[in-house]
Structures are given as structure tokens and as C-alpha cells.
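Visitor: the sequence and its predicted three-dimensional model are supplied below.
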Amino acid sequence: MRNRRLYVVGVGPGDAELMTLKAKRVIDASDWVFYPVKREGEKSIAYDIAKKVCELEGKRTVSLVFPMTKDKDVLEAHWRRSVKTILDADFETASFITLGDPSIYCTYFYLHERLRPFLDVFFVPGVSSFSACALSSGLPLVIRNEALAVVSASHLEDSGWNLDGFDTVVFMKVPRNRDRLIFLRDRLFAMGFKRVIFASRCTMAGERITEEIPDDVEYISMLMAFRRDGLPTFTL
Ligand SMILES: C[S@@+](CC[C@H](N)C(=O)[O-])C[C@H]1O[C@@H](n2cnc3c(N)ncnc32)[C@H](O)[C@@H]1O
């Protein structure tokens, strides 16, 4: 059955004022709101952001579990269950809300190919966390002709580590183990990056921007590595 609409909505990096007008309008107009969690009963950051500015009372709000595992069978079982939950729901308009922007490491896309034959799917972009983190640290990610790479740090040790040609690298989904993060930071310095900034909970309560690696690393954290050391200056 088509003509049922599913909006995949980015709710921004944390500060509810960074949600777009369109995100609020679409969520308010939805009968059902789906939100991703890592395990059953867990809080959803996207949900907490949306509830500050959207009318969620009176809607069906449903969590979908996307476990943090590399086990393909476990993942597929959960994705299948999430697809079924969405397709069985009796909505005309629903939202799948997601932290930041849906185009960046968003769990929804594990479901998309299974859903789109049955639903009209629309996307609502959001402010991505890496933009927010850079600006919270007072730095542009790229200027002039610099090149930017955005990578997932969770598999970094397995990768080839070829960051040649990139002036700025954003490492999302960083390991929560402090020693692994220190190892990553030291490799970056050895590769010629001049500044490595740790950014956590940007635009939310408890935001932390530091060039130290803290003892307690939360999931909502990233590293930004810059080959640039300072910004251009000129004589007045
Ligand atoms: C699954 S990804 C989702 C990214 C999201 N779609 C976006 O556009 O920012 C989760 C990762 O985003 C980063 N992240 C999200 N919000 C953040 C915030 N407010 N401060 C720092 N990092 C954040 C962290 O690296 C976290 O591990």
C-alpha cells in the first residue's frame, strides 16, 4: 500500500533550537514517531531533542532497536523486526527521527531498501554534529581549498590509515576506550596533523571541547584533526 508517508527527519546535534522549522512541522504532523535506540528501554537522544519543541503527546512513539554489534545475524534480525514494526503501523504520515543529519551514519538506511517499495519516503536534512562540533570549538572545518574527510573511528584500527590529501579529518563514533583514543591521537600527530580536538555533547548540556583526551569518553563524542595550525591573518 503506497501513499503512506515516512519522513526521515534530522533533529540536529542537541540544542533543540537547532532543529529546523521543517523538522518541527513534519514531526508535529506525524501520527507515529519512530526513534532509534541501541538497546530495549534505552533513552533516545533524538527523542529527547524532539520532545522539547514538538507535540509528541497523543502520538504513537515507538523505539526501534539498532544494537551496537558487528554480528550480522543479530543485526539483520533487528532490522527485519524494525521494518515489520514500521510497515504494520497504521499511519498515514510518520517520522523516523534521527540525531544530526540523516545523510551521516544514520541507522534508518539499513531499512530503506526494504521500506521504500511500500512507503513514500522523504528526507528532512538536519544540522550535522560535525558542523556543530567544529563551531563549538570556534574553528572552520575547511577553508580555501582544504579537503575534508569524515570517517567512522569504530573500525579505524582495521583500516589502511591513508589520510594523505586530507587537511581536516572528523572521526565520528570514536571508541570509548581512552587508550585507543590516545593511540589514535598520537598516530594523527605522527602523520603531521597539528591540532586534534576532542568534542563531546556539542550544543547540549555538558558540552566539552578539549585538546586532552578525557578519562570518561561518551558515545556522543568525536575527534577533529587539523593540519592547519591557526587561521589566516593580515595587516590592517
Ligand atoms: C550514529 S552517528 C550519528 C551522526 C548524525 N547523523 C550526525 O549527522 O551528526 C553518532 C555519532 O555522531 C557524533 N555526535 C552526534 N551528536 C554529537 C554531539 N552533539 N557532539 C559530539 N558528537 C556527536 C558522535 O561521534 C557519535 O558517535
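Guide: That came in fine, so what should we check first?
Visitor: and for whatever residue of the chain ends up closest to the ligand, the neighbour number?
Guide: Going by C-beta to the nearest ligand atom, the ligand is nearest to Gly100 of the chain, at 2.1 Å. All C-beta atoms are positioned from the backbone trio N, CA, C, and that covers glycine. Counted with other C-beta atoms under 10 Å, the neighbours of Gly100 add up to 26.
Visitor: now for the biggest helix by length in the chain, which elements pack on it?
Guide: Counting by DSSP state H, the longest helix found in the chain is helix 72-88. Using 3 or more C-beta pairs under 8 Å, 6 or more residues apart in numbering; DSSP states H and E as the contact test, the elements touching helix 72-88 are strand 32-37, strand 60-65, helix 112-115.
Visitor: which ones are touching the residue of the chain closest to the ligand?
Guide: Shown in contact with Gly100 (C-beta atoms under 8 Å, 6 or more residues apart in numbering): 10-13, 106, 126-129.
Visitor: residues of the least confident helix or strand in the chain by mean pLDDT that come out buried?
Guide: Lowest on mean pLDDT, DSSP states H and E among the helices and strands of the chain sits helix 178-190, with a mean of 92. Using 16 or more other C-beta atoms under 10 Å as the test for burial, helix 178-190 gives 180-181, 184-185, 187-188.
Visitor: only alpha carbons, please: show that helix as CSV.
Guide: Listed next in CSV are the C-alpha coordinates belonging to helix 178-190 (Å, rounded to 0.1, in the frame of the first residue of the first chain):
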residue,chain,number,x,y,z
ARG,A,178,40.7,6.1,26.4
ASP,A,179,43.8,4.3,25.4
ARG,A,180,42.5,3.6,21.9
LEU,A,181,41.7,7.3,21.6
ILE,A,182,45.2,8.3,22.8
PHE,A,183,46.7,5.8,20.3
LEU,A,184,44.5,7.4,17.5
ARG,A,185,45.5,11.0,18.5
ASP,A,186,49.2,10.1,18.6
ARG,A,187,49.1,8.4,15.2
LEU,A,188,47.5,11.6,13.9
PHE,A,189,50.2,13.8,15.3
ALA,A,190,52.8,11.4,13.7
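Visitor: what's the angle between the helix or strand following it and helix 178-190?
Guide: Per DSSP states H and E, the first helix or strand lying C-terminal to helix 178-190 is strand 195-200. Strand 195-200 and helix 178-190 are oriented at 150 degrees to each other (axes from the mean of the first three to the mean of the last three C-alpha atoms, to 10 degrees).
Visitor: re earlier: looking at the helices and strands packed on helix 72-88, which is buried most?
Guide: strand 32-37 (a mean of 23; mean count of other C-beta atoms under 10 Å).
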